[in-house]
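**Q** need a structure here:
(one chain, ligands or ions: 1)
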Amino acid sequence: MSVLELSGVDKSFRGLRALSDVDMAVSEGEIVGVIGPNGAGKTTLFNVICGALKPDAGSVRFAGEDVTGHKPEKIARSGMVRTFQLMRPFATMSVAENVSLAAQHHTRGAERLRGHAVEIVERVGLREWAYRPATELPTAGLKRLELARALAARPRVLLLDEVLAGLLPAEREPVLDLLAELREQDGTTLVFIEHIMAAVMRLSDRVLVLDQGAVLATGTPDEVTADPRVIEAYLGEEPTTHADA
Ligand SMILES: Nc1ncnc2c1ncn2[C@@H]1O[C@H](COP(=O)(O)OP(=O)(O)OP(=O)(O)O)[C@@H](O)[C@H]1O
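**A** The predicted structure follows:
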């Protein structure tokens, strides 16, 4: 059974069709990369899945339940959590406090909450930063903190919006390792929007290609990167173009 299933999803903004009849099914424990040119509808897709936007038509099912139009907090509490491209931590709080705040609906008791937050801070590689103000973090640290906040909610499905953007190639590797570990150790299902094709190729079991709001192709990384329609719409003549975008 699919843990996440979209059926016939449409979403328009003042006549602009941002999503058009999108079907998508993600199995438990699967890693699905979502790619496509700028404006293809990737972020809108995430916003519809996580409840930030209500689709004009179609449905979103999570863990067998119809969650179409449910509030984002409700969807997050039920186990489907997203990260944002632009991380805005609470400025007056430390890194660990920011993570605790995100964990408070999911962990009972102050002691356990603190322990859970510290464990996640360490897991994302921010141990030295735990008690420093979150605003002092460099970009790579803010990205890790965003991931930590999402993990604090104990996600069953994690939606990652360009989690590698702004990171140097050397900073990407540990994040990719962590994402692979989340699936291996925790069985977390991952759906990630990414422009860096090397990461998409390495991490994805399956890739969904959006173009002008519609699903252009879906398949293994090798299948989609060899698909002439995908090459024409997104990858260009040289698929390596996006490798370090
Ligand atoms: N709130 C909004 N109001 C009006 N138009 C919007 C809104 N959100 C998105 N759009 C439009 O919908 C289309 C899809 O946008 P979306 O941000 O989902 O694309 P994307 O694939 O995530 O692009 P990118 O890779 O640049 O982030 C674009 O034409 C965009 O301008």
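
**Q** tell me what the helix or strand of the chain with the lowest mean pLDDT is packed against?
**A** Across the helices and strands of the chain, mean confidence by mean pLDDT, DSSP states H and E is lowest for helix 110-123: a mean of 86. Where contact means 3 or more Cβ pairs under 8 Å, 6 or more residues apart in numbering; DSSP states H and E, helix 110-123 is packed against helix 95-103, helix 139-152. Placement of C-beta: from N, CA and C, glycine included.

**Q** now for the closest residue in space to residue 114 that isn't next to it in sequence, how many residues are close by?
**A** Nearest-residue entry for residue 114: residue 100, 6.6 Å, with adjacent residues in sequence omitted and distances by Cβ to Cβ, 6 or more residues apart in numbering. By other Cβ atoms under 10 Å, the residues close to residue 100 number 22.

**Q** got a list of contacts for the helix ranked longest in the chain?
**A** Scanning the chain for the longest helix, with DSSP state H as the assignment, gives helix 169-186. Identification of contacts with helix 169-186 by Cβ atoms under 8 Å, 6 or more residues apart in numbering yields 29, 31, 123-125, 140, 143-144, 147, 151, 158, 160, 163-164, 167, 188-190, 192, 196, 199, 202-203, 244.

**Q** residue contacts, the residue most central in space within the chain?
**A** A centroid search over the chain (Cα atoms, centre = their mean) returns residue 160, at 1.3 Å, as the residue closest to the centre. Listed by Cβ under 8 Å, 6+ apart, the contact set of residue 160 reads 82-83, 147, 150, 179, 190-194.

**Q** can you tell me the SS state at it?
**A** Secondary structure, DSSP: H, G, I helix; E, B strand; the rest coil: residue 160 is strand.

**Q** got the domain ranges for the protein?
**A** 1-79+157-172+183-188+195-245, 88-154 (automatic domain parsing).

**Q** mean pLDDT for those: which is lowest?
**A** Here the domains of the chain differ in mean pLDDT, and the lowest is domain 88-154 at a mean of 88.
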